[in-house]
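> dropping the sequence and predicted coords here.
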Amino acid sequence: MSIGYPLRSLWRLPLSLWISLVTAMLAPLAAADTQPLHVTIGYLSEAVAEPAPLSLVEVVAADKGLAGAKLAIDDNQTTGRFLNQTYELKEQSVPAGGDLKAGLDALIGQGAKLIVTDLTASRLLELADLPEAKDVLIFNVHAEDDRLRITDCRFNVFNVVPSYAMKADALAEYLAVKKWTRWVLIAGKNDPDKAFAAALQRAAKKFGSKIVEERTYAYDAGSRRSDTGQQQVNKQMIELTQRLPDYDVLVVSDESEVFGEYLPYRLWDPRPVVGTQGLVPTAWHRSQEQWGGMQLQHRFEQQNHRWMLERDYSAWVAVRAIGESVTRTGKADPADMHQYLVSDAFTLGAFKGQGLTFRKWDQQLRQPLVLASPLMLVSVSPQEGFLHQRTPLDTLGYDEPESSCHLNQ
Amino acid sequence: MKSIILFVSSLALALSGSLLATPAAAYTAYVSNEKGNSITIVDLDKMAVTGTVPVGARPRGITLSHDKKQLFICTSDADHIEVLDLDSLKVVNILPSGPDPELFTLSPDGNRLYVANEDNNMVTVLDVKQGNVATEIPVGTEPEGMGVSPDGKWLVNTSETTSMAHFIDTSTNQLVDSVLVDTRPRFAQFTPDGKEVWVSSEVGGTVSVIDATSRKIAQKITFAIPGIRKETIQPVGIAITNDGKTAFVALGPANRVAVIDVASRKVEQYLLVGQRVWEMAFTPDEKFLVSANGESNDISIIDVAALKVIKSVTVGELPWGVAIR
């Protein structure tokens, strides 16, 4: 390997000149306030087909998540203008089952050590455990699996998206307030359906509700469209829900979008439907206009010509958390940021009526969750009166003593 | 019959006589109802509602014209500013603003309205007489609070998501400096001597006292109320007495107004008001302070000398702003 002429000539410089060169390079560091700082954020996703919503009214967004990250980059840029800080998003999508290491290397190669991941739990863990990922910070905006918060925590992973348990608890608190405590649980047959169903079973116990019967919907996913399909659907849903013991509310776990949206108004008994369809616990909903929420909804809709989905919101929060950290500390390296994000100083305004923080033990974002019907915000959990010694937000999801994760101690 | 007429006319005379005798004390409060799409009129002598005027969609920030004959109203969802004539109680003019105007402040000479447009990261400068936009000044994300110095030379705007107080030179309409404050700053208020700007941070839960000359934070005032969770203490509206001695800070869902000694910057007392207390205004004689309480659909009337809440008056749906003449 040959060293080019200009570089080689550097070696011939006298020592005194070397010293002044180095001091000149170091000097501006003293004036950290005015030093320009460029922050590169990566967005890593996997091209896996996700189930489309059963309803044709719902949007199918190819850039779900990514669109929120882009909006947050703009918001960070606006603030950065006043602090000589700039932000940039680098996207990397690996094919389904593709090489995550190559994707991460590509992002690191472009200077991104703060990575927002739109990956399932198993793929996220695969990524986080790569030697190359040791010095990066990962922000999970996709995987809701409880194991990432109780058994499979990683020091380099921050969970921005709420867990299944947080969502189930948010719903269960509301049902307890309504005294709709006798549940029928119907779950799909796929792993995510089972995972949320397990969270619902736990939530029922935690908040004093009783699951009077459980059923599984075993059919495969059909087409979103069928010209005369509603007749068949009606018969199927009646069959699925007849001969049940007396109950107050039907709780559905259909993460796979196979049948849940068919349930409301089609049950054998006249009962409300809640869970993954009907009344839904979520971090964000298009009807969320409280606490200045319309400002975010407007900005997002202007930029994307569709409404903001939950993953868009989570990605927005992730990139804003990075921005907030850089604004306050003037630093963007993963180690400093990690320290700041789990410190008491960090609090993020994110249109939830209170500052959002991270749980130290599992690095899960605390946040109020919205309970929404298809067109309206119905309530926000934690519900009034559900108390916790730390914050009512910790009534949602696994609490510290229930988790085997003990990060940052 | 004759005696009845006589009685009625003498009663009318007596009434008009009493009104004529104390014209200065007959203060009127105007309250914007964010959800009610109306302005409620409250007679502060009787402490009772005397009328309700329907206005454009989602009225929030309101302020009186210099001559106190008109009320400027940020009708946020109508994307403009309405001018309500206070004698006829009719909307007599509509001023352009940027999208989603939330809060504004009038220049001390009464000629310019500085408007925060939440949707497009701009402060819009309106020429009140011409009725047009003089200029727009780019600021941080979601501009909200607006305070103007007593001499009119400085405008301070706060941006909620950026968490900064932006100092704007009103002679050039240029942003000169930005001060980072705690999360989600909502309101900026100069002290009467113009030496300090007080900025409330809703999510941060603090009030930053900024030295107006050095533009550095001199102190952050924090709040603690026994039995009230920290995250529900959300400072919003700020009102400072003309003598510069006492500041009142509305604490949102903590349902309290904090009373602060300006000199020592110490919180002296918390006054229990209605739910989700937002903006506040003094009567011109500063005998009373009126707070708009969004969640409980009422206003609280505070006796400033006694530091006591003396009356609640039900107004429209989600009261937001208050102006008094």
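Yep, that arrived.
> please, where are all the helices along chain B?
Taking DSSP state H as the test, the helices found in chain B are B:2-21.
> low-confidence stretches in it?
Applying pLDDT under 70 to the predicted model, the residue ranges of chain B that meet it are B:1-25.
> where does it come near chain A, residue by residue?
Proximity of chain B to chain A, by CB under 8 Å from any CB of the partner chain, involves residues B:100, B:118-119, B:121, B:140-142, B:159-164, B:166, B:178, B:180, B:183-184, B:202-205, B:229, B:231-232, B:234, B:253. (C-beta placed from N, C-alpha, C; glycine too.)
> which secondary structure state does residue A:117 sit in?
strand (DSSP: H, G, I helix; E, B strand; the rest coil).
> now do the contacts for residue B:325.
By CB atoms under 8 Å, 6 or more residues apart in numbering or on different chains, residue B:325 lies in contact with B:27, B:28, B:30, B:64, B:68, B:86, B:284.
> gap between the nearest residue to the fifth one once chain neighbours are set aside and chain A?
Looking back up the chat, that one is residue B:68. Leaving aside its chain neighbours, residue B:68 sits nearest to residue B:325 (4.4 Å; criterion: CB to CB, 6 or more residues apart in numbering or on different chains). Taken as CB to the nearest CB, to the nearest Å, the spacing of residue B:325 relative to chain A amounts to 30 Å.
> check residue B:322 too.
According to CB to the nearest CB, residue B:322 and chain A sit 20 Å apart.
> near residue B:292, how many other residues are there?
With neighbours defined by other CB atoms under 10 Å in any protein chain shown, the count for residue B:292 comes to 31.
> and if you look at residue A:109?
Considering only other CB under 10 Å, residue A:109 is surrounded by 9 other residues.
> got it, and residue B:295?
Counted with other CB under 10 Å, the burial measure for residue B:295 works out to 15 neighbours.
> that one is in contact with residue B:254, isn't it?
No. Shown here, residue B:295 and residue B:254 do not form a contact pair, counting by CB atoms under 8 Å, at 11.6 Å.
> and the longest helix that chain A contains, what's its mean pLDDT?
For chain A, the helix with the greatest residue count under DSSP H is helix A:310-329. Within the predicted structure, the mean pLDDT of helix A:310-329 is 98.
> tell me what the next helix or strand after that helix is packed against?
Remark: after helix A:310-329, the chain's next helix or strand is helix A:334-341, criterion DSSP states H and E. The elements that helix A:334-341 packs onto, with contact taken as 3 or more CB pairs under 8 Å, 6 or more residues apart in numbering or on different chains; DSSP states H and E, are strand A:137-140, helix A:310-329.
> JSON lines for the ones you listed, including distance to residue A:343 and mean neighbour count?
Conversion of those to JSON lines gives the following (distance: least, CB to CB, whole Å; neighbours: other CB atoms under 10 Å in any protein chain shown):
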{"stretch": "strand A:137-140", "distance to residue A:343": "14", "mean neighbour count": "26"}
{"stretch": "helix A:310-329", "distance to residue A:343": "10", "mean neighbour count": "25"}
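> of the ones you listed, which approaches chain B most closely?
Each of the helices and strands packed on helix A:334-341 was checked against chain B via CB to the nearest CB, and the shortest separation belongs to helix A:310-329, namely 6.8 Å.
> touching chain B at all, the closest one?
Yes. Contact between helix A:310-329 and chain B, assessed by CB under 8 Å from any CB, occurs at A:320, A:324, A:327, A:328.
> report the angle between that helix and helix A:334-341.
100 degrees (axes from the mean of the first three to the mean of the last three CA atoms, to 10 degrees).
> what helices or strands is helix A:310-329 leaning on?
Using 3+ CB pairs under 8 Å, 6+ apart, helix A:310-329 sits against strand A:37-47, helix A:66-80, strand A:85-95, strand A:114-118, strand A:137-140, helix A:293-304, helix A:334-341.
> neighbours of the closest residue to residue A:82 other than its chain neighbours, just the number please.
In space, residue A:82 comes closest to residue B:178 once its chain neighbours are excluded; the distance is 4.1 Å by CB to CB, 6+ apart. For residue B:178, the neighbour count with other CB under 10 Å is 22.
> pretty sure residue B:178 sits against residue B:158.
No. Residue B:178 sits out of contact with residue B:158 when judged by CB under 8 Å, with a separation of 10.1 Å.
> what sits against residue A:291?
Taking CB under 8 Å, 6+ apart as the definition of contact, the neighbours of residue A:291 are A:351, A:352, A:353.
> near chain B, from these?
Applying CB under 8 Å from any CB to those, one finds that residue A:353 fall near chain B.
> which of the contacts of residue A:291 scores worst on pLDDT?
By predicted confidence (pLDDT), the lowest-ranked of the contacts of residue A:291 is residue A:353, with 93.
> measure how buried residue A:179 is and give me the count.
Neighbour count of residue A:179, defined by other CB under 10 Å: 9.
> excluding covalently adjacent residues, which one is nearest to it?
Looking at residue A:179 with CB to CB, 6+ apart, the closest residue is residue A:248, at 7.8 Å.
> ok, that neighbour - how many residues close by?
As a burial measure, the neighbour count of residue A:248 was computed by other CB under 10 Å and equals 18.
> can you pull the pLDDT of it?
Residue A:248 is assigned a pLDDT of 98 by the prediction.
> hmm, it is touching residue A:181, no?
Yes. Counting by CB under 8 Å, residue A:248 does reach residue A:181; the two are 6.5 Å apart.
> which parts of the stretch 151-300 of chain A sit against chain B?
Proximity of the stretch 151-300 of chain A to chain B (CB under 8 Å from any CB) is limited to residues A:292, A:295, A:298, A:299.
> can you rerun that using 6 Å?
A:295, A:298 (CB under 6 Å from any CB of the partner chain).
> torsion angles phi and psi at whatever residue of the stretch 1-150 of chain B ends up closest to chain A?
Across the stretch 1-150 of chain B, no residue is closer to chain A than residue B:141, which sits at 4.6 Å (CB to the nearest CB). Phi and psi for residue B:141, reported as degrees, to the nearest 10, are phi -70, psi 130.
> burial of the closest residue in space to it that isn't next to it in sequence, as a residue count?
Leaving aside its sequence neighbours, residue B:141 sits nearest to residue B:161 (CB to CB, 6+ apart; 3.9 Å). Other residues within reach of residue B:161 by the criterion other CB under 10 Å amount to 31.
> for residue B:225, what are its contacts?
Under the criterion of CB atoms under 6 Å, 6 or more residues apart in numbering or on different chains, the contact list for residue B:225 reads residue B:270.
> if we go to 8 Å?
B:233, B:251, B:254, B:256, B:270.
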